[in-house]
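Chemist: model this:
(one chain, ligands or ions: 2)
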Amino acid sequence: MEENYTFGEVMITEEQIKKRAKEIGAEISNDFKGEKILAVGILKGAVLWMSDLIREITVDTQIDFMAVSSYGASTKSSGVVQIIKDLDTGIEDLNVIIVEDIIDSGITLHYLRDYLLGRKPKSLKICTLLDKPDRREADIKVDYTGFVIENKFIVGYGLDYNQLYRNIPYITCLEEVKTV
Ligand code: IMP
Ligand code: MG
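Modeler: Ligands and ions are numbered 1, 2, ... in the order given. I've put the predicted structure just below:
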C-alpha cells in the first residue's frame with residue numbers, strides 16, 4: 001500500500017457484482033435471442049467482470065480482448081488512447097459487445113466505438129461494470145451498466161492504481177491520508 005493512501009469503505013461487494021452479472025447476462029441473452037455475439041473485453045481492468053458476465057450469457061458467445069492505454073501512472077486521464085493489442089479476428093457481421101470496467105471521461109470508449117464501427121460489425125453495444133457520469137467529457141451511450149457510482153477513485157475487482165489492487169474481490173476506493 002502506498003503510504004499516502006488508504007482504502008475507503010467497501011462500496012460494492014462481490015455478491016452484488018455477481019447478481020448484476022446475472023441480470024445483465026439475462027438481458028443480453030434476451031436482446032440477442034437466436035443470434036451470436038462477440039464479447040470484447042478491454043484489458044486489463046475488465047477481466048474479472050467479463051468472466052462473470054459471459055458465464056451468465058446463454059446465446060452463442062465468442063470472446064476476444066483488446067488492450068488500450070489512456071492513462072499513465074496517475075489517476076488523471078491524458079486523453080490519449082493508444083491501441084496496445086487489437087482483436088485477433090475480423091468483426092464484420094458480428095454482434096459486438098465491448099465489455100469495460102469503468103467509464104469515466106468516456107474518451108476511451110468514444111474512441112474504441114468509432115474504431116470498431118469502422119470495421120462494420122452487425123451491431124455494437126457497450127457494457128460497463130461501473131459508470132462515473134459526473135466525469136463525462138465525451139458523449140457516449142452505454143447499453144448495459146452494472147453500477148452508477150459517485151466521483152471517487154475506485155480500485156478492486158480488476159481496477160487498479162499503479163497496476164495494484166486488481167485482485168481485491170470487491171470495489172473500494174482510495175482515500176488520501178491527510179498528514180498534519
Ligand atoms: P475514460 O477514458 O476516462 O472513460 O477512462 C476509462 C479507463 O480509465 C478505465 O478503463 C480505467 O482503466 C481507467 N479508470 C477510470 N476511472 C478509474 C478509477 O476510478 N479507478 C481505476 N481506473 C480508472
Ligand atoms: Mg481500463
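Chemist: quick one, what contacts the nearest residue to Asp88 once chain neighbours are set aside?
Modeler: Leaving aside its sequence neighbours, Asp88 sits nearest to Asp64 (Cβ to Cβ, 6 or more residues apart in numbering; 5.7 Å). Heads up, the C-betas are built off the backbone N, CA and C, glycines and all. Counting by Cβ atoms under 8 Å, 6 or more residues apart in numbering, Asp64 makes contact with Leu38, Ala39, Val40, Gly41, Leu87, Asp88, Thr89.
Chemist: if we go to 6 Å?
Modeler: Val40, Leu87, Asp88 (Cβ atoms under 6 Å, 6 or more residues apart in numbering).
Chemist: Output those as a markdown table; include the columns neighbour count, secondary structure and pLDDT.
Modeler: Formatted as a markdown table, the contacts of Asp64 follow (neighbours: other Cβ atoms under 10 Å; DSSP: H, G, I helix; E, B strand; the rest coil; pLDDT from 0 to 100):
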| residue | neighbour count | secondary structure | pLDDT |
| --- | --- | --- | --- |
| Val40 | 26 | strand | 98 |
| Leu87 | 15 | coil | 98 |
| Asp88 | 8 | coil | 97 |
